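Asker: coords please:
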Amino acid sequence: MSRFLIRPIPMLLSVAVLLATPLSLRAGEVSLTGEGSVQYTPDSARLQFTATAEAVDADLASKQVDARIAKWEQAIAPIRKQLNDYSDAALSLYTRTLSASDRDAEPGQTVVATQSVSLTIDDLSLLNPLIRAARDAGLEFRLGSRQFYHSAEDALQQQALAQAIADARRQCRFVAKQLDVTCGAVKSININGGRRPSPMMMAEARSPKGPVSDVGPQEIKASVSATFELN
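Answerer: Residues are numbered from 1 along each chain as shown. Got it, this is the predicted structure:
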């Protein structure tokens, strides 16, 4: 008689279990943008003055420019030692074609000579004497907010950056509190470029006739994009 051995085959049961982990135990993060700004009053300026003359030939145009520069240098002689980064090496001489005054006339040419003087000052009380000297000598210049800056500009930019980072951290703490978690370590941070001073002063003027009475405030801005862990 044949015997058969019957062995039970175990059943394999696969059960998928979804664990709902509390938010406080899950890894999370938040990305934020922080901003900071510092207002200040400029204490320095970068200036450029230009003598320009036109004549029928290069020699005559150059002499006219030389005369204006000489008058300028004579006027600023008492304060010359207080002018920083002084340079008068920017020279230019070119020929410009004039349009014909009527249909039958031939276009003419004129020679244009220019010489520019650039300098910086760290005492703004020198500004109006320089403006008067330039005006009396027939020099042209532009005066606007971009010419003015602060001698401690690097430190001011760092202050604005510190404010931007602190602002991002404050936002992270606020978001974390709303989610009943805590703001953790910084995972990444990006400095969104160095923003140059933002003008908050007078409009730019070309060779202003009157003295400057108020430079006005300026503002340095900084911004960061940061990602924080949420614990």
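
Asker: Isn't Q159 up against V38?
Answerer: Yes. Counting by Cβ atoms under 8 Å, Q159 does reach V38; the two are 4.9 Å apart. Glycine gets a C-beta too; all of them are placed from N, C-alpha and C.

Asker: Tell me which of these two has more neighbours.
Answerer: Neighbour count, other Cβ atoms under 10 Å: between Q159 and V38, V38 has more, with 20 against 17.

Asker: joint contacts of Q159 and V38?
Answerer: I220 (Cβ atoms under 8 Å, 6 or more residues apart in numbering).

Asker: Flag the shaky bits of the chain, pLDDT-wise.
Answerer: 1-27, 100-107, 193-211, 213-214 (pLDDT under 70).

Asker: mind listing the helices for it?
Answerer: Ranges of helices in the chain, per DSSP state H, are 58-76, 127-137, 153-178.

Asker: Now do the last one: which elements does it pack against?
Answerer: If you count contacts as 3 or more Cβ pairs under 8 Å, 6 or more residues apart in numbering; DSSP states H and E, helix 153-178 packs onto strand 28-40, strand 183-191, strand 218-230.

Asker: Next: the first one.
Answerer: In terms of contacts (3+ Cβ pairs under 8 Å, 6+ apart), helix 58-76 is packed against strand 44-55, strand 84-97, strand 109-121, helix 127-137.

Asker: Going by neighbour count, list what's buried in the last one.
Answerer: Of the residues in helix 127-137, those buried by neighbour count under the rule 16 or more other Cβ atoms under 10 Å are 127, 130-131, 133-135, 137.

Asker: Make JSON lines out of those residues and add distance to A45.
Answerer: Below are the buried residues of helix 127-137 laid out as JSON lines (distance: Cβ to Cβ, whole Å):
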{"residue": "L127", "distance to A45": "6"}
{"residue": "L130", "distance to A45": "9"}
{"residue": "I131", "distance to A45": "11"}
{"residue": "A133", "distance to A45": "15"}
{"residue": "A134", "distance to A45": "13"}
{"residue": "R135", "distance to A45": "16"}
{"residue": "A137", "distance to A45": "19"}
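
Asker: Burial check on the closest residue to N190 other than its chain neighbours, number of neighbours?
Answerer: Computed as Cβ to Cβ, 6 or more residues apart in numbering, the closest residue to N190 that is not its neighbour in sequence is S225, at 4.6 Å. Applying other Cβ under 10 Å, we find 15 residues neighbouring S225.

Asker: show me the contacts for S225.
Answerer: 31-33, 189-190, 192.

Asker: Just the closest of the residues you listed to D57, please.
Answerer: Nearest to D57 among the contacts of S225, counting by Cβ to Cβ, is N192 at 54.1 Å.

Asker: Not counting its neighbours along the chain, what's nearest E73?
Answerer: E73's closest residue in space is R80 (Cβ to Cβ, 6+ apart), at 7.8 Å.

Asker: which residue packs closest to I76, ignoring adjacent ones?
Answerer: Setting aside the residues directly before and after it, I76 is nearest to A133 in space (Cβ to Cβ, 6+ apart), at 5.1 Å.

Asker: Could you verify my assumption that R169 touches G34?
Answerer: Yes. Contact criterion Cβ under 8 Å: R169 and G34 qualify, at 7.4 Å.

Asker: neighbour-wise, which of the two wins?
Answerer: Neighbour totals were compared for R169 and G34, and G34 leads with 22 against 17 (other Cβ under 10 Å).

Asker: Can you tell me who the more buried one pairs with across the strands?
Answerer: Bridge pairing for G34 (DSSP bridges) gives the partners V224.

Asker: ditto for A55
Answerer: V111.

Asker: cool, F49 as well?
Answerer: Beta bridges link F49 to V117, judged by DSSP bridges.
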